[in-house]
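[1] test case, fold it:
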Amino acid sequence: MKKRTMILYFHVVLFMLAGCVGNTNEESTTDSSENNSAIESTEEDPIETDESTSARELGESDMDDENEISSDESGHTDSDRNSSENGDLDAGDKEDKETLLSQYSSEEIEYARVWLQLGPNQEIDELNVRHIPAGEPIHPNDDTSASYPEDVIQLAGSRLVDGSVTYSGNGDGTIHVYNVPLRWDSNDAADVDENFMREYTADIIENTELVYVDPGDEEEIIEFIEVLNVHN
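    The predicted structure is shown next:
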């Protein structure tokens, strides 16, 4: 009897020990599971936070890019519109000027441009044009005078004070200017060597000045064209 009692007691003790060990393992497993869940939650949260932050930053970046593009497109549109309008105005002004000058011949425009640049007096009421053929004496009243080697044009106002310009056109925007006075004094050849006038006029031919004629202002050119008096 005593032996059975001891065996029974022994089994009870083993059963109790087994129960304690089982509870300990369950608690350990539970704690471990909870800890793992907490760790996983902690690890997932930063990822979700980073993804959320990245998405928000990307959205803000896209919005900034769209605003910049919209601003650039608006700026380009205004600039292009202004450039187009200015271009249209410039083209219109150029067309008006070309239309005005196109009413006149190239010869008339040349006469006016030469006088505008070289005429001694710009305040004239008449611009006389005289064509002098090659071979004509530079001093028309002196038999010893040298002659023009080419056709020339003489521009002069209606008064002596207006002065004159004698030149030949080269057809390339330049002219040769002859330093010929508008009026010769009657006493130029008196009491001088008989070769004086020949040498003097020959010097005029040898010392012509090459001048480039500027296009000039169209409105001023037209003013001189309107007072032209061309002599045949």
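[2] check which helix or strand covers Asn229.
    Element membership of Asn229, judged by DSSP states H and E, is strand 228-231.
[3] partners of that strand, with directions?
    When pairing is defined by DSSP bridges, strand 228-231 lines up against strand 127-132 (parallel).
[4] what residues of the partner strand count as buried?
    The neighbour-count criterion (16 or more other CB atoms under 10 Å) identifies 127-129, 132 as the buried residues of strand 127-132. C-beta: built from backbone N, CA, C; applies to glycine.
[5] strands of this structure, start to end?
    According to DSSP state E, the chain carries its strands in the segments 127-132, 152-156, 164-169, 174-178, 209-212, 228-231.
[6] go through the strand holding Asn229 and flag the buried ones.
    Neighbour-count burial for strand 228-231, with 16+ other CB under 10 Å as criterion, is recorded at Leu228.
[7] what about this protein, any weak spots by pLDDT?
    1-99, 186-192 (pLDDT under 70).
[8] please, where are all the helices along it?
    Counting by DSSP state H, one finds helices in the chain at the ranges 2-101, 106-118, 196-206, 218-225.
[9] sorry, back to before: could I get the strand holding Asn229 in CSV with only the CA atoms?
    This file holds the C-alpha atoms of strand 228-231, laid out as CSV (Å, rounded to 0.1, in the frame of the first residue of the first chain):
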residue,chain,number,x,y,z
LEU,A,228,13.5,118.0,-108.9
ASN,A,229,13.8,119.9,-112.2
VAL,A,230,15.6,117.7,-114.7
HIS,A,231,17.1,119.5,-117.8
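[10] how about Asn170: what's its closest non-neighbour residue?
    The shortest distance from Asn170 to any residue other than its chain neighbours is 6.8 Å, reached at His176 (CB to CB, 6 or more residues apart in numbering).
[11] which one of the buried residues of strand 127-132 sits closest to Leu228?
    Lowest distance from Leu228 to these (CB to CB) belongs to Leu127, with 5.2 Å.
[12] count of neighbours near Glu219?
    9 (other CB atoms under 10 Å).
[13] mind splitting the protein into its structural domains?
    1-103, 106-231 (automatic domain parsing).
[14] between the strands of the chain, which gets nearest to Asp185?
    Of the strands of the chain, nearest to Asp185 by CB to CB is strand 164-169, at 15.1 Å.
[15] pull up the pairing partners for the closest one, direction included.
    Strand 164-169 has the following sheet partners, assigned by DSSP bridges: strand 152-156 (antiparallel), strand 174-178 (antiparallel).
[16] to Thr144, which of those lies closest?
    Thr144 sits nearest to strand 174-178 of all the strands paired with strand 164-169, at 17.8 Å, using CB to CB.
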